[in-house]
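Participant: my questions concern the predicted model and sequence given below.
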Amino acid sequence: MLARSSTSGIAPMTDPAPAFLALDGLSKRYADHVAVDALTLGVAQGEFISLLGPSGCGKTTTLQMIAGFTEPSGGAIRLEGRDLVAVKPARRGLGIVFQSYALFPHMTAAENVAFGLEMQRVPKAERARRVTDALALVGLSALAERYPRRMSGGQQQRVALARALVIQPRILLLDEPLSNLDAKLREEMQIELRQIQRRIGTTTILVTHDQHEAMALSDRIVVMNAGKVEQIGRPQDVYERPATPFVASFLGKTNVFEALVERGADGAAAVLGTVRCPCPPHLAGAGHVLLTVRPEKIAFADEGLACRIVSRVFQGTYWLFIGETPAGVATIVCQNDGAAQPGEGESVHLTWRADDAALRPLSGAGA
Amino acid sequence: MSRNGPLALLFHALVMLFMLAPIVIVCVVAFTPEGFLSLPTNGLSLRWFKAIAGYPEFVSAFRDSLWLAALSSVIAVGVSVPAALAVARHRFPGREAVSAFILSPLMIPHVVLGVAFLRFFTQIGVGGSMVSLVLAHVVIVLPFAFRLTLSTATGLDRSLEQAAVSLGASGATLFRRVTLPLILPGVVSGLVLAFINSFDEVTMTVFIAAPGATTLPVRMFLYIQDNIDPLVTSVSAVVIALTVVVMALIEKLFGLERLLAGEGGGRS
């Protein structure tokens, strides 16, 4: 599993040793299915890691096992080298922000934030000071005495974050924390969450199904599918160099063309129109390969892959084109730089840099 | 809120009238100067209220009823809370059976329970005591306490307790600071319903109460078997008045809606 992600041609992430939080072959099996299948992951101190995948991929189960609400069926969780599974959930010292925020409805914002400090028997004066600081950190000083039901979703979210951070957790666990917010607020909270995490430096694990959220916030992304890790890497690496077809299709749109392999003077190459992409040796013998290229990496040119524009959609900051090519349907994204763009029904040619395309065998998975 | 048509309003008014009329009539009759139940009455008199003082067994029966209702409803809630939490949260073998067993007194006629308890308590040698009354009443009010507690426990968001655990709460602290406040509306309404049902119970209690120490409803029932004077109406009027005062006090001090509907109800 991991071997695949580390041989995917990415400059390997220097794995900080020893890891602050280590998941070692972590598994959760139920009677009828495997929720998490031998997950191995090292998280460095201060790192922001996202577990990204569709629902049912095992990301939430993984978080629940770290938090202690779900018992692992196998494997180990170690925090600073010590076994975490043996520690009771109430003694793990982790801060958690839930998708539903899970604020205590019978307590004010300040009382919610103070709860964890009370449990730690922090003296009253220090408690008050730390609650004030935590609420100030999330910009909610004015609403300290307000009950959660009288707050907006975004405000409740901030209280939940303050409540998790005030206990100075060893790890901050975020379970789809932004998915109940509207798009604009979500974007603001992403930026704020990132800034707060940078400032405090708390090691953070985010569970999300939102690729934009994962890419915007994380130092590294763990892409999961059906209980297994598909790829671990920096957001740009995972996006630009997806290790598996699943990662390519899950993170952003991508074009998949069937290309003919030709042998020329410069070696084997996948050919589409006049665009030639050098073929790695293990694909050189194949008659056809699949070529994937991101929509924003395609440019219009005088020669290349012939394409007829079927539809053109204006999206404000960019144009979105759907075109028909001999190799299949193409999606093209062009920055709105003010230049004239081809119209619907027009015939154009598409081109891209060989570096921006990935090749894989026609049948079967794997990179 | 949609407005009701005139027919619907008339219907609602009639239902309200039907519900309130007996109570109003009892209260009016209580003020009669006559020696029998009469309506309309000729003038008003406190004669039958003063008469209560001459029957100390009514006062002691009232006190016993309060104690019985308080004890049995509190014990019933004490049993219901852990049972409801277990049934709401866990899937264990016999879960349905536990639930059905606790609710079963609702299905059994109180006459049957009365005869059964009479025989059983005599057999084990606690017949006619306050202990036997409390035990029997716990059984019949348990379904009310359990059902209402279960309804809030089932709706409890597990992540709230998980959040509390992650912040370091566990065991009794978790229950006292988070779980109990969250299920409190169900617990309080269960307690109130259990109390009322115990206070109200005649059919079963008639069988198991000792002649010397019995509950107010049974005392009244026994009294009207032999007498036709309006004493029972004045006793009823006192009970109604006390109920109104207690409800008003609870509303003033805690807010009825807050207790029964829960703090998360969104009103303030």
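Facilitator: The structure has been received and is ready for your questions.

Participant: am I right that B:Ala210 sits in a strand?
Facilitator: No: with DSSP: H, G, I helix; E, B strand; the rest coil as the criterion, B:Ala210 is located in coil rather than a strand.

Participant: quick one, what contacts it?
Facilitator: B:Gly127, B:Gly128, B:Ser129 (Cβ atoms under 8 Å, 6 or more residues apart in numbering or on different chains). The way it works is simple: take the backbone N, C-alpha and C, and place the C-beta from them, glycine included.

Participant: which of these sits closest to B:Arg176?
Facilitator: B:Ser129 (34.0 Å; Cβ to Cβ).

Participant: so who does the closest one touch?
Facilitator: Here B:Ser129 is in contact with B:Phe121, B:Ala210 (criterion: Cβ under 8 Å, 6+ apart).

Participant: re earlier: out of the contacts of B:Ala210, who's nearest chain A?
Facilitator: B:Ser129 (40.7 Å; Cβ to the nearest Cβ).

Participant: contacts only, for residue 247.
Facilitator: In the absence of a named chain, this looks at chain A. By Cβ under 8 Å, 6+ apart, the contact set of A:Val247 is A:Val223, A:Glu230, A:Gln231, A:Val238.

Participant: hm, I was asking about chain B
Facilitator: Applying Cβ under 8 Å, 6+ apart, the residues contacting B:Met247 are B:Leu256.

Participant: where's it, which helix or strand?
Facilitator: helix B:231-253 (DSSP states H and E).

Participant: picking up where we left off before, biggest separation within the contacts of A:Val247, which pair?
Facilitator: Farthest pair in these, by Cβ to Cβ: A:Glu230 and A:Val238, 9.1 Å.

Participant: flag the shaky bits of the stretch 251-367 of chain A, pLDDT-wise.
Facilitator: A:363-367 (pLDDT under 70).

Participant: up against chain B, what does it have?
Facilitator: On the criterion Cβ under 8 Å from any Cβ of the partner chain, chain B has no neighbours in the stretch 251-367 of chain A.

Participant: reformat the contacts of B:Ala210 as CSV; add secondary structure.
Facilitator: Below are the contacts of B:Ala210 laid out as CSV (three-state DSSP):
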residue, secondary structure
B:Gly127, coil
B:Gly128, coil
B:Ser129, coil
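
Participant: and of these, the nearest to B:Leu193?
Facilitator: B:Ser129 (25.6 Å).

Participant: what would the contacts of B:Ala210 look like in a markdown table with pLDDT?
Facilitator: Listed next are the contacts of B:Ala210 as a markdown table, based on pLDDT from 0 to 100:
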| residue | pLDDT |
| --- | --- |
| B:Gly127 | 79 |
| B:Gly128 | 79 |
| B:Ser129 | 83 |
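
Participant: next helix or strand past the helix or strand containing A:Thr62?
Facilitator: Using DSSP H and E, A:Thr62 falls within helix A:59-67. Heading C-terminal from helix A:59-67, the first helix or strand you meet, by DSSP H and E, is strand A:74-79.

Participant: need the residues that contact that next one.
Facilitator: Contact with strand A:74-79 is made by A:19-27, A:29, A:38-40, A:65-66, A:83-85, A:92, A:170-171, as judged by Cβ under 8 Å, 6+ apart.

Participant: buried residues, that strand. List them.
Facilitator: A:Gly75, A:Ile77, A:Arg78, A:Leu79 (16 or more other Cβ atoms under 10 Å in any protein chain shown).

Participant: same thing with stretch A:204-212?
Facilitator: Under 16+ other Cβ under 10 Å, the buried positions of stretch A:204-212 are A:Thr204, A:Ile205, A:Leu206, A:Val207, A:Thr208, A:His209, A:Asp210, A:Gln211.

Participant: residues touching the third one, list them.
Facilitator: Pointing back at A:Leu206 there. Shown in contact with A:Leu206 (Cβ under 8 Å, 6+ apart): A:Phe48, A:Ile49, A:Ser50, A:Leu51, A:Leu174, A:Pro177, A:Glu213, A:Ala214, A:Leu217, A:Ser218.

Participant: could you look up the SS state of it?
Facilitator: strand.

Participant: pLDDT at it, what is it?
Facilitator: Note for A:Leu206: predicted pLDDT of 95.

Participant: give me the beta-bridge partners of it?
Facilitator: A:Ser50, A:Leu174 (DSSP bridges).

Participant: please report how far it lies from A:Phe48.
Facilitator: Distance, A:Leu206 to A:Phe48, by Cβ to Cβ, to the nearest Å: 7 Å.

Participant: now the fourth one
Facilitator: With the distance defined as Cβ to Cβ, A:Val207 ends up 12 Å from A:Phe48.

Participant: go on, the second one?
Facilitator: Using Cβ to Cβ, we find A:Ile205 at a distance of 8 Å from A:Phe48.
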